[in-house]
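S.K.: Take a look and give me a structure for this.
(one chain, ligands or ions: 1)
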Amino acid sequence: MAEVPYAMWVEYLKMLWAKVGIQPRSVLEVCCGTGRICRMLAAEGYEVAGVDLSPEMIAEAKHIASESHLPIEFSVQDASEMRLNRRFDAALSFFDSLNNIIDYDRFAAAIQRTYEHLKPGGAFIFDLNTAYAFEHNMFDLFCKDKRAKVRYEWKGEWDAARSLCTIKMEFATDRERFSELHVQRAYSLAEVKQAMASAGFENVEIFHAYTMNPPRASSDRIHVLGLRG
Ligand SMILES: C[S@@+](CC[C@H](N)C(=O)[O-])C[C@H]1O[C@@H](n2cnc3c(N)ncnc32)[C@H](O)[C@@H]1O
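M.R.: Sure, this is the predicted structure:
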């Protein structure tokens, strides 16, 4: 995560908010992980909540936020079944988190549940890896620096028939070695538009990542924006 350009992501988020003319005060991060973006927004004065499926991620998010004295409401929730009993001016889900939901109905349910947590006029913005990224082996990565604190070697296998990429991740530190298996699904633009429309989102726009331009055939990542009417 040390190499992730979170500051740029948050700037882009604000550019999209400005594009659709909203100035949110309350923000929900869906699939917040350890809450880095939540903390950046909370430090700027936004009222922030974050949800994630992983109790370990949420425990870490709560721990770091409390050490930083940032009042963020974190909870363990499956995005596809999320219930928070409140609504927000904006929602986001970054770092291809929704690609991790590999069943289309549950992916669409996560979008629907997010819609239900927005106030009228609220915006949902999320990013996704595309099939192009998986076809072009974007997950085949390794850290060459033998002095790095965490060294890694990742290898993805793309199953075009099922639109699934299975990534074997091996990590090593000076003290331990461990591995993880991640599976991501690529959703087509048509599937994304269908899920957004079924949830009720209006003015849906899809961008080539970090730009205001439409996606290209070679976009490896896209951003999706929709408004609750
Ligand atoms: C790559 S991490 C990104 C975390 C965070 N968005 C960030 O940018 O640092 C993906 C996160 O999605 C979460 N996740 C995956 N499936 C989920 C689901 N169905 N509901 C909620 N969170 C989920 C994982 O637990 C993980 O924390």
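S.K.: Which residue is the nearest non-sequential neighbour of whichever residue of the chain sits closest to the ligand?
M.R.: Nearest residue of the chain to the ligand: residue 33, at 2.6 Å (C-beta to the nearest ligand atom). (Glycine included, C-beta is placed from N, CA and C.) Nearest residue to residue 33 in three dimensions, chain neighbours excluded: residue 57, at 5.1 Å (C-beta to C-beta, 6 or more residues apart in numbering).
S.K.: Name the residues of this protein found near the ligand, please.
M.R.: 31-33, 36-37, 52-54, 57, 78-80, 94-95, 97, 100-101 (C-beta under 6 Å from any ligand atom).
S.K.: Among those, name the ones in strands.
M.R.: The members of the residues of the chain next to the ligand that map onto strands under DSSP state E are residue 52.
S.K.: What subset of the residues of the chain next to the ligand is buried?
M.R.: Buried members of the residues of the chain next to the ligand, counted by 16 or more other C-beta atoms under 10 Å: 31-33, 36-37, 52-53, 57, 78-80, 94-95, 97, 100-101.
S.K.: Between which two of the residues you listed is the distance greatest?
M.R.: Within these, 36 and 80 form the most distant pair, 22.7 Å apart (C-beta to C-beta).
S.K.: before we move on, the earlier item: and the buried ones among the residues of the chain next to the ligand, which is closest to residue 141?
M.R.: Checking those one by one against residue 141 (C-beta to C-beta), the nearest turns out to be residue 95, at 14.7 Å.
S.K.: Quick check, pLDDT for the closest residue to residue 142 other than its chain neighbours.
M.R.: Excluding its sequence neighbours, the residue lying closest to residue 142 (C-beta to C-beta, 6+ apart) is residue 153, at 4.2 Å. You'll see residue 153 listed with a pLDDT of 92.
S.K.: Also the one 5 residues further on?
M.R.: As summarised for this prediction, residue 158 has a pLDDT of 97.
S.K.: Can you tell me the strand partners of the strand or helix carrying it and which way each runs?
M.R.: Secondary structure assignment for residue 158, by DSSP states H and E: strand 151-159. As defined by DSSP bridges, the strand partners of strand 151-159 come to strand 141-142 (antiparallel), strand 164-172 (antiparallel).
S.K.: For the protein, just list every one of the helices.
M.R.: Per DSSP state H, the chain carries helices over the ranges 6-19, 36-43, 55-67, 104-116, 131-135, 189-199.
S.K.: Let's have those helices in JSON lines, adding mean pLDDT and distance to residue 171.
M.R.: Putting those into JSON lines (pLDDT from 0 to 100; distance: least, C-beta to C-beta, whole Å) gives the following:
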{"stretch": "helix 6-19", "mean pLDDT": "98", "distance to residue 171": "21"}
{"stretch": "helix 36-43", "mean pLDDT": "98", "distance to residue 171": "19"}
{"stretch": "helix 55-67", "mean pLDDT": "98", "distance to residue 171": "15"}
{"stretch": "helix 104-116", "mean pLDDT": "98", "distance to residue 171": "27"}
{"stretch": "helix 131-135", "mean pLDDT": "96", "distance to residue 171": "21"}
{"stretch": "helix 189-199", "mean pLDDT": "98", "distance to residue 171": "31"}
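S.K.: In JSON lines, list those helices along with distance to residue 26.
M.R.: Compiled in JSON lines, the helices of the chain are given as follows (distance: least, C-beta to C-beta, whole Å):
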{"stretch": "helix 6-19", "distance to residue 26": "13"}
{"stretch": "helix 36-43", "distance to residue 26": "10"}
{"stretch": "helix 55-67", "distance to residue 26": "16"}
{"stretch": "helix 104-116", "distance to residue 26": "14"}
{"stretch": "helix 131-135", "distance to residue 26": "32"}
{"stretch": "helix 189-199", "distance to residue 26": "19"}
